[in-house]
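Student: could you work out the structure for the sequence below:
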Amino acid sequence: MFLNFSERFISKIEEVLNDWKLIGISSGKPLEKGVYTTGAWEEKSDEISFADFKFSITHHYLVQEPSDKDGKEELVEDALPLPMQDLLCMNNDFPPRAHCLVRWYGLREFVVIAPAGNNNAILSESKCNLLLSSISIALGNTGWYPYLCKHIINGDECMLENGPGVRTDFEMVHLRKVPNQYTHLSGLLDIFKSKIGCPLTPLPPVSMAIRLTYVLQDWQQYFWPQQPPDIDALVGGEVGGLEFGKLPFGACEDPISELHLATTWPHLTEGIIVDNDVYSDLDPIQAPQWSVRVRKADNPQCLLGDFLTEFFKLCRRKESTDEILGRSAFEEEGKEVADITHALSKLTEPAPVPIHKLSVTNMVHSAKKKIRKHRGVDESPLNNEVLNTILLFLFPDATDKLADGFESRTSTSAGNNPPPENEDYNLFSQLKSAPSDSLTYKLALCLCMINFYHGGVKGVAHLWQEFVLEMRYRWENNYLIPGLANGPPDLRCCLLHQKLQMLNCCIERKKARDEGKRGNVSDRSPGGTSGDAGKGADHSGDNPDKEKEVGKSWESWSDSEEEFFECLSDTEDLKGNGQENGKKGGAKEGNKEPVNLKPEGRLHPHGKLMLLHPGEPLYIPITQEPAPMTEDLLEEQSEVLAKLGTSAEGAHLRARMQSACLLSDMESFKAANPGCCLEDFVRWYSPRDYIEEEVVDEKGNIIIKGELSARMKIPSNMWVEAWETAKPVPARRQKRLFDDTREAEKVLHYLAVQKPADLARHLLPCIIHAAVLKVKEEEALEDISSVKKIIKQIISHSSKVLRFPNPEDKKLEEIIAQIMSVEAIIARARSLKAKFGVEKCENEEEKEDLQRFVNCLLEQPEVSVGAGTGPAGSIIHKLFVNAQRVSAVPPPDEELRRSGSSEERRLNMGAISDFPPPTGREVILRTTVPRPAPYSKALPQRMYSVLTKEDFRLAGAFSADTTFF
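Tutor: I've put the predicted structure just below:
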């Protein structure tokens, strides 16, 4: 039965090797220097089993040029297998970043078989021997020899590789306590020679490669350049600096913990140098090669990363603003509650009711008093000084409110034109955040700062509450919101920014309507309205923009959905214009309107176009602007329209719902062009639906004749039905398409019910946007190519994640982690610049060399600095010398200072070595000798040794001839 398991195991190994095309003897050319570090390594894995024991089989290989595969035909008959050639190759000793087996044995390709888990470890020696024999059979069947089998028996590691007539044993010794004779080169040479047991005398020379590593940990003489944030200046300083206009940046601790200097003697022959327990020629100053690498601090604390992380934590909070701050901001008790809830019934009572006390403004101010009543000033999360500073930063126009009143406040708020567009400014459209000069963007920065420095979630809830109250105050008093672009909501921005833009549109409409009312109260008289309209029509051609402004006033509108007119004047006005007759006869006339109406609401003539029937000029009417909508309203409207279904009735109802704007424009057109027909409207509104062609009349003259398009002639056409329904009513007397009062209250309610977590979700794209701009700004000062690539990846990744609502937390965490990694890289660059004195260097050529050296340290695992010469090598030497002197200074005790003369102290200081004892010693010994007999084939032998303070490892690859032994 066990034999069957072995056969299946052999068959499975052969199947895997065949799938990976690991058949026959591999060949290749000598590897170039450093290719183990710069080249690409790949691996393939599979799972095999022996009885109930599962193993993972992994193929590790260096990606090489395809031309290497053609070398099989040119193999020499006695050529060594590729792994044995790699044992003697000296071009890639001590790779800074590679698989451990590559470092120990110098292999470019190998297969590892290991237990799939700790529970599958093979501890029986007999079972291990059975596994090894099975693997050897599988290798012999496939003919592939760069094979390495790794298994563990009682903690000892043993590996083997078979070739045609040769065998290489890969052995390992791992000790915690190092015998004294193995701490120097002479002792390692003794164990290497005894291990190979060469029968030849004298023994062929042994080639050596030695590396000593020195670690610099003491940076005390170099201060960390990052300045800590001044929390006291967050309020007292200028608004818009670090405190409430920009995110902080930089590491709070040194992100570079250690500097490792590797001094290497790459090609030495036995007998050239002496290194024993008494004396050593291995002086780092005399080493032909120096290379440096830095050890980076694990997850250094960085300001920007902390800000982002803490703000993201808000997204997971569950509390509402009321739960955080205590009582509801809008809660009323007792009589005041009864007054508000029964306000409508009180309006019908005979007793006079003080209407002003029932206004929403008084409700809000009363609520604020109750808040401060329940929560004292000292208990508020934000003190008045901080709160006022933030509000002035967010609403700079508020400084003129008390001094100049209404006009000054609105004048500073009206101009909200964006700056010249550039790539960084337009970044908001990719991240779906908000423009960097907008109120939403500033609010996000302030909330982020408050969350980190001033009270956490309570401070955020407090500031948001004050912000909502300010929004209501501006709505009721017609103060435009600063920091928002004019026009309808920008769907490229986040939903909160769209809501604020919608509120601004409502304020603008309400303000225009109220100003129109005030302007017309003194001039109002019976028939006065029509006179004003007539004047507007007469001067429309001279100043169309002015007429458009007047037409948009719509002074007859109210704050509700119904329309209320002043009975006497408006009725006479309707009679004077003949609209009562027009309303009665409009439906009977069909497509043609009566010509006895006076034109109203004209903007300007439409070029040279004439009405088809009266022959008068065709005027473009003043129309209502379409109702602005945010993306959630558009989505809600789409869902309603989709629920109507695909039936004919549903399609008809859907068309009527979508034709409200069309009907309004038709009524405006009829009022501006008495006697017009549907064809006239189509010529202005949709010229493509009016087809003109040249025809010959009865007299032989060529005339132009037009008609409606085919879709306009369909029976029960929506356009025809709307035209028949439309009455000649100017835009200023129509029912509003956009009810600013209702929409403003909806926005204010939406803002009021937002939890801190909801608010953080809305503003997180703005925070990520600000963080990206910050890292781009900081990177521009350092000019690190790798950081530029990461920033592009962050923008690309963020645009995909933030484009959709409610992104996953895991993806948001990935974006924040990428930003934190960029901050850490820039902080490391600044740390290295400070330590190597890049900015202080006066020689431009040396400064460029140091800058290049610092950039390489950031991007490469190890950087060569020559033989300790040059600007970088000199600075590194000086760093170690200074660190040695600092460590040798005795404690500042008076007795120690008095003991000894100044000459003795000088001699003691001179005896201090420039470098500390090496932290790591690596030695590679190689030779080619016949084993096991003098007449055996000469094969490569290699031993790698690494010695640290707490670890000693010997990795040997010893080859033997299995044919002539």
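Student: give me phi/psi at the residue of the chain most remote from its centre?
Tutor: Distance from the centre of the chain peaks at residue 699, with 75.1 Å (C-alpha atoms, centre = their mean). Backbone torsions for residue 699, taken as degrees, to the nearest 10, come to phi -90, psi 0.
Student: how close does it get to residue 610?
Tutor: The gap separating residue 699 from residue 610 is 21 Å, by C-beta to C-beta, to the nearest Å. All C-beta spots, glycine's among them, are computed from the backbone N, C-alpha and C.
Student: do residue 107 as well
Tutor: For residue 107, the distance to residue 610 (C-beta to C-beta) stands at 92 Å.
Student: look at those two and report which has more neighbours.
Tutor: Higher neighbour count among residue 107 and residue 610: residue 107, with 26 against 15, using other C-beta atoms under 10 Å.
Student: my guess is that one meets residue 86, correct?
Tutor: Yes - if you go by C-beta atoms under 8 Å, residue 107 and residue 86 touch, sitting 5.3 Å apart.
Student: I'd assumed residue 174 was in a helix, is it?
Tutor: No - counting by DSSP: H, G, I helix; E, B strand; the rest coil, residue 174 is not found in a helix; it is strand.
Student: my read: it touches residue 948, true?
Tutor: No - using C-beta under 8 Å, residue 174 is not in contact with residue 948; the gap is 12.0 Å.
Student: which element, helix or strand, includes the closest residue in space to residue 685 that isn't next to it in sequence?
Tutor: Distances taken as C-beta to C-beta, 6 or more residues apart in numbering place residue 665 nearest to residue 685, at 6.6 Å, with adjacent residues excluded. If you go by DSSP states H and E, residue 665 is part of helix 660-672.
Student: for residue 814, same thing?
Tutor: Per DSSP H and E: helix 809-836 holds residue 814.
Student: just residue 703 next, same as before
Tutor: For residue 703, the host element (DSSP H and E) is strand 702-708.
Student: list the contacts for residue 912?
Tutor: 884, 885, 888 (C-beta atoms under 8 Å, 6 or more residues apart in numbering).
Student: do you know how far the second one is from residue 800?
Tutor: For residue 885, the distance to residue 800 (C-beta to C-beta) stands at 54 Å.
Student: what's the answer for the first one, then?
Tutor: Applying C-beta to C-beta, one obtains 53 Å for the distance of residue 884 from residue 800.
Student: secondary structure class for the residue lying closest to residue 105 once chain neighbours are set aside?
Tutor: Of all residues not flanking residue 105 in the chain, residue 957 sits nearest, at 5.4 Å (C-beta to C-beta, 6+ apart). Following three-state DSSP, the label given to residue 957 is strand.
Student: one more: residue 129?
Tutor: In three-state terms, and counting by three-state DSSP, residue 129 is helix.
Student: what about it, how many neighbours?
Tutor: Neighbours around residue 129, by other C-beta under 10 Å: 11.
Student: now do it, the pLDDT please.
Tutor: You'll see residue 129 listed with a pLDDT of 79.
Student: list the buried ones in stretch 174-194?
Tutor: Residues 182, 184, 185, 187, 188, 189, 191, 192, 193 are the ones in stretch 174-194 that count as buried (16 or more other C-beta atoms under 10 Å).
Student: between the two ends of it, what distance do you get?
Tutor: One end of stretch 174-194 to the other measures 18 Å (C-alpha to C-alpha, to the nearest Å).
Student: check which helices and strands whichever strand or helix holds residue 720 sits against.
Tutor: According to DSSP H and E, residue 720 maps onto helix 718-725. Packing partners of helix 718-725 (3 or more C-beta pairs under 8 Å, 6 or more residues apart in numbering; DSSP states H and E): helix 660-672, helix 678-685.
Student: just the CA trace of the helix holding residue 665, in PDB.
Tutor: Taking Å, rounded to 0.1, in the frame of the first residue of the first chain, the C-alpha atoms of helix 660-672 are listed here in PDB:
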ATOM      1  CA  ALA A 660     -44.100  70.900 -17.700                       C
ATOM      2  CA  CYS A 661     -41.200  73.000 -19.000                       C
ATOM      3  CA  LEU A 662     -42.500  72.700 -22.600                       C
ATOM      4  CA  LEU A 663     -45.900  73.900 -21.600                       C
ATOM      5  CA  SER A 664     -44.500  76.900 -19.700                       C
ATOM      6  CA  ASP A 665     -42.400  77.900 -22.800                       C
ATOM      7  CA  MET A 666     -45.500  77.600 -25.000                       C
ATOM      8  CA  GLU A 667     -47.500  79.900 -22.800                       C
ATOM      9  CA  SER A 668     -44.700  82.400 -22.700                       C
ATOM     10  CA  PHE A 669     -44.400  82.200 -26.500                       C
ATOM     11  CA  LYS A 670     -48.100  82.800 -27.000                       C
ATOM     12  CA  ALA A 671     -48.000  85.800 -24.700                       C
ATOM     13  CA  ALA A 672     -45.100  87.300 -26.500                       C
END
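Student: list the buried residues in that helix.
Tutor: Neighbour counts using 16+ other C-beta under 10 Å place 662, 663, 664, 665, 666, 667, 668, 669, 670, 671, 672 of helix 660-672 among the buried residues.
Student: about what we covered before: for the helix holding residue 814, which residues meet the burial criterion?
Tutor: For helix 809-836, the neighbour count (16+ other C-beta under 10 Å) marks 812, 815-816, 818-836 as buried.
Student: so which elements touch it?
Tutor: Contacts defined by 3+ C-beta pairs under 8 Å, 6+ apart place helix 809-836 against strand 256-269, strand 289-296, helix 303-314, helix 756-782, helix 785-802, helix 844-859, helix 870-888.
Student: off-centre distance for that helix?
Tutor: Chain-centre distance of helix 809-836: 12 Å, with C-alpha atoms, centre = their mean, to the nearest Å.
Student: quick one: low-confidence residue ranges for the stretch 601-750 of the chain.
Tutor: Residues of the stretch 601-750 of the chain that meet the criterion pLDDT under 70 lie in 645-658.
Student: so what strands line up beside the host helix or strand of residue 211?
Tutor: Take DSSP H and E as the rule and residue 211 turns out to sit in strand 207-216. Strand pairing for strand 207-216, determined by DSSP bridges: strand 256-269 (antiparallel), strand 920-930 (antiparallel).
Student: what average pLDDT does it get?
Tutor: 94.
Student: next one: stretch 46-53
Tutor: Across stretch 46-53, the average pLDDT comes to 84.
Student: for it, buried residues please.
Tutor: The neighbour-count check on stretch 46-53 (16+ other C-beta under 10 Å) flags 46, 48, 50, 53 as buried.
Student: can you put the residues you listed in TSV and add secondary structure and distance to residue 295?
Tutor: As requested, those are exported to TSV (DSSP: H, G, I helix; E, B strand; the rest coil; distance: C-beta to C-beta, whole Å):
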residue	secondary structure	distance to residue 295
46	strand	36
48	strand	39
50	strand	41
53	strand	39
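Student: need the residues you listed in TSV with distance to residue 276, can you?
Tutor: Output for the buried residues of stretch 46-53, formatted as TSV (distance: C-beta to C-beta, whole Å):
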residue	distance to residue 276
46	49
48	48
50	48
53	47
